[in-house]
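J.: Predicted model and sequence below, questions to follow.
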Amino acid sequence: MNLQAKEKRSRLGLYVHVPFCASTCDFCGFYQKKPHNDDFERFVSGIEKELNTYSGSLEVDTVFWGGGTPGLLTPRDMERLGQALLGKMKAPPAEWTVEMAPAFVTRRKLEILKQIGVSRISLGVQSFRDTLLDKLGRQHTRSQVFKAIDMVQSAEFQSFNLDLIFAIPGQDQAALQEDLNEVVGVSPQHVSTYCLTFEEDTALFVKLSEGKLSIDTELEADLYLRAWDQLAEAGFEQYEVSNFSKPGFECIHNINTWCMEQWIGLGPAASSQYAGQRWSNVPDLDKWLKGIDEESPCRVEEVGLSPDILAVDSLVFGLRMNAGINLVSWESRFRTPKYLLDPLLTRWESNALIDPWSERGCLRLTREGRLVADALGGELLDYFDKESMNRPKPALETRLFS
C-alpha cells in the first residue's frame, strides 16, 4: 500500500475530544476535567454549535472520539453527539472509533454506540495486573477489564483495540509477557503498545524528578522487542512503531493523520489540520464554549500550512510506518527534491537505522531504527530547519495510541 501517494481528494477525519475524566491518571498530561452539574449538556451543545461553523455537509472518512474518557458520557449524550455528527456528514464514515475506559463500559452505552454507527471500540486496558494499574493511577481493575472485553465482544462491533503500556515501574519482561498472553487470549483485532512516558505536570513526572522513580532505557528496549516479537507470533502485523493489527484491521483514522491528510478537531484542546490551516482549540471548556457562543472560536497555535511544513511533517510521522515513505511520491506531492535528504539518509543507512534506500527510493526504518523513531524524527526537524521546533506540530489527540 502506497501510504504517501497523492489522492484525488484528501481524506477527512473528525476527531471529538471529550475532556471529562472521573480522576487523573498519574501518567496523563492531556487537558481534562471532572464533570460537574450540566457539563455534559454544555459540551454536547458546544459540539453542535462548533459543527455549524463549517458550511455545508462534510465528506468524512473516519470519526474518532478520544479524551479524556468518552465513555463517561451518558447513553443519551452519546446518542445526541452521534446524531449531531451524522447530521453534518454526507454519508456515514467508513470507520468510527470510540475510546472507552473499562470501568465505564455498560451494555446500554455499547448498544447506543452500535446504533449510531460506531464500528470500532478502543479499550484503555494498560495492564491486566492490579498492582501495575495501581501504579498508573488507573481506576479500573483486572476483573473490570475482562468484564468490559466480554461486553464489547458480545456487542459484535466490527473490531476492537486494546491499549497496553509497558515499562511501568516494577514491570519486567515476565510481567509484560503475562499481559501479552492475556491480550492474545481475548483475540482483539488491533493492539497498541506504548512505552510509559513521563509528561510534565503529572504525578509520575513529580516522582521521577524527586528521584523516587528512574528510567531504564535498556529495559525499555528489551520490552519493546518482547512485545513486537510476541505479537508477531500471535499473528499481529506491526504497521506502525506502536500499533499492530490482524490483516485488514489497521486504524485508518490514524493512518490518514500520519500521512498528513485532513482532520477537524471538535471540543476543547482538539487540534485540526484543515483547508490549509493547522490549529488547536483552547484547552479550557468554558473558554471554548464562550468562543463558540460568540461565533469567534478560541484557537491557539494557528498557522498557515505550506508544502514545506507538510513535507517535513509527513516524513516525521510517515517514518513511524513500517511500510515506509515512497520518496518519489513524496517529492511529487510536496514539490521538494528528495536529494536534499541524501546526507542524512546516507548517515542513517551506515548506522543500520534504515533499509538501503538509494535504488528503491523508499525510506523505511530497520528494526533498530524503529527503537529510536522519535529521536530520528527530531533529527529530521533539525536537519530541515533549526527553527522548526518552534512551530505548531500536528497534535494527534489519539496520541498515536489506537
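T.: Arrived safely, thanks for sending.
J.: Okay, strands next: where are they in this protein?
T.: 12-18, 62-67, 95-100, 120-126, 159-166, 190-195, 237-240, 243-245, 262-266, 271-274, 277-281, 299-304, 325-326, 362-363 (DSSP state E).
J.: Just want the angle from the second one to strand 120-126.
T.: Counting by axes from the mean of the first three to the mean of the last three CA atoms, to 10 degrees, strand 62-67 lies at 30 degrees to strand 120-126.
J.: next one: the third one
T.: Orientation of strand 95-100 against strand 120-126 (the same axes, to 10 degrees) gives an angle of 30 degrees.
J.: And strand 95-100, what does it pack against?
T.: strand 62-67, strand 120-126, helix 252-258 (3 or more CB pairs under 8 Å, 6 or more residues apart in numbering; DSSP states H and E). For every residue, glycine as well, the C-beta is placed using N, CA and C.
J.: Redo the ones you listed as CSV? Include distance to residue 194 and mean neighbour count.
T.: Formatted as CSV, these follow (distance: least, CB to CB, whole Å; neighbours: other CB atoms under 10 Å):
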stretch, distance to residue 194, mean neighbour count
strand 62-67, 14, 27
strand 120-126, 9, 26
helix 252-258, 13, 23
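J.: Could you point out which of the ones you listed sits nearest residue 325?
T.: helix 252-258 (10.3 Å; CB to CB).
J.: Export the helices and strands packed on strand 95-100 to a markdown table and append columns for mean pLDDT and distance to residue 267.
T.: Shown next, in a markdown table, are those (pLDDT from 0 to 100; distance: least, CB to CB, whole Å):
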| stretch | mean pLDDT | distance to residue 267 |
| --- | --- | --- |
| strand 62-67 | 95 | 9 |
| strand 120-126 | 95 | 17 |
| helix 252-258 | 96 | 16 |
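J.: Put together JSON lines for those, with distance to residue 225 on each row.
T.: Formatted as JSON lines, the helices and strands packed on strand 95-100 follow (distance: least, CB to CB, whole Å):
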{"stretch": "strand 62-67", "distance to residue 225": "28"}
{"stretch": "strand 120-126", "distance to residue 225": "20"}
{"stretch": "helix 252-258", "distance to residue 225": "22"}
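J.: of the ones you listed, which approaches residue 15 most closely?
T.: Nearest of the helices and strands packed on strand 95-100 to residue 15, taken as CB to CB: strand 62-67 at 5.0 Å.
J.: what angle do the closest one and strand 262-266 make?
T.: Going by the same axes, to 10 degrees, strand 62-67 is angled at 40 degrees with respect to strand 262-266.
J.: Neighbouring strands - and their directions - for strand 62-67?
T.: Paired strands of strand 62-67, with direction, are strand 12-18 (parallel), strand 95-100 (parallel) (DSSP bridges).
J.: Nearest to residue 74 among those strands would be which one?
T.: Once CB to CB is applied to those, the stretch that comes out nearest is strand 12-18, at 11.9 Å.
J.: Beta-bridge partners for residue 325, please?
T.: Residues in beta-bridge contact with residue 325 (DSSP bridges): residue 363.
J.: Residue 361 is in contact with that one, correct?
T.: No. Counting by CB atoms under 8 Å, residue 325 does not reach residue 361; the two are 9.5 Å apart.
J.: ok, those two, which is more surrounded?
T.: Between residue 325 and residue 361, residue 325 has the larger neighbour count (other CB atoms under 10 Å), namely 25 against 14.
J.: Let me see the confidence value for the more buried one.
T.: For residue 325, the pLDDT comes out at 94.
J.: going forward can the numbers begin at 55, since that is how I track them
T.: Got it, the first residue is 55 from now on, which makes the last one we talked about residue 379.
J.: Burial check on the residue lying closest to residue 347 once chain neighbours are set aside, number of neighbours?
T.: Once flanking residues are discounted, residue 347 sits nearest to residue 103: 7.1 Å by CB to CB, 6 or more residues apart in numbering. The number of residues packed near residue 103 is 15, by other CB under 10 Å.
J.: Could you measure from residue 103 over to residue 324?
T.: 14 Å (CB to CB, to the nearest Å).
J.: Residue 225 now?
T.: Distance from residue 225 to residue 324, by CB to CB: 32 Å.
J.: Comparing the two, which residue is more hemmed in?
T.: With neighbours defined as other CB under 10 Å, residue 225 and residue 324 compare such that residue 324 has more, 26 against 21.
J.: Now do the phi/psi pair for the more buried one.
T.: The phi and psi values for residue 324, taken as degrees, to the nearest 10, are phi -70, psi 140.
J.: Name the nearest residue to it, ignoring sequence neighbours.
T.: residue 71 (3.9 Å).
J.: Surely that neighbour and residue 123 touch.
T.: No. Residue 71 is beyond contact range of residue 123, at 11.1 Å (criterion: CB under 8 Å).
J.: Which one's more surrounded, those two?
T.: Taking other CB under 10 Å, residue 71 and residue 123 do not tie; residue 71 has more neighbours (27 against 23).
J.: What does the pLDDT read for the more buried one?
T.: 96.
J.: Please list all residues in contact with it.
T.: 85, 120-122, 319-324, 335, 451 (CB atoms under 8 Å, 6 or more residues apart in numbering).
J.: go on, residue 416?
T.: Per CB under 8 Å, 6+ apart, neighbours of residue 416: 378-381, 409.
J.: same question, residue 425
T.: So, once contact is read as CB under 8 Å, 6+ apart, residue 425 ends up touching 275, 278-279.
J.: now, among these, which is nearest to residue 296?
T.: residue 278 (9.2 Å).
J.: Distance of residue 115 relative to residue 392?
T.: From residue 115 over to residue 392 (counting by CB to CB), the distance is 28 Å.
J.: pLDDT at the residue nearest to residue 347, what is it?
T.: For residue 103, pLDDT reads 97.
J.: helices and strands around the longest helix belonging to the chain, which ones?
T.: Secondary structure of the chain read by DSSP state H shows that its longest helix is helix 271-287. Counting contacts by 3+ CB pairs under 8 Å, 6+ apart, helix 271-287 is packed against strand 213-220, helix 227-240, strand 244-249, strand 291-294, helix 421-425.
J.: Would you mind giving these as JSON lines with mean pLDDT and distance to residue 433 added?
T.: What follows is the helices and strands packed on helix 271-287, written out as JSON lines (pLDDT from 0 to 100; distance: least, CB to CB, whole Å):
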{"stretch": "strand 213-220", "mean pLDDT": "95", "distance to residue 433": "25"}
{"stretch": "helix 227-240", "mean pLDDT": "94", "distance to residue 433": "29"}
{"stretch": "strand 244-249", "mean pLDDT": "93", "distance to residue 433": "19"}
{"stretch": "strand 291-294", "mean pLDDT": "97", "distance to residue 433": "19"}
{"stretch": "helix 421-425", "mean pLDDT": "94", "distance to residue 433": "11"}
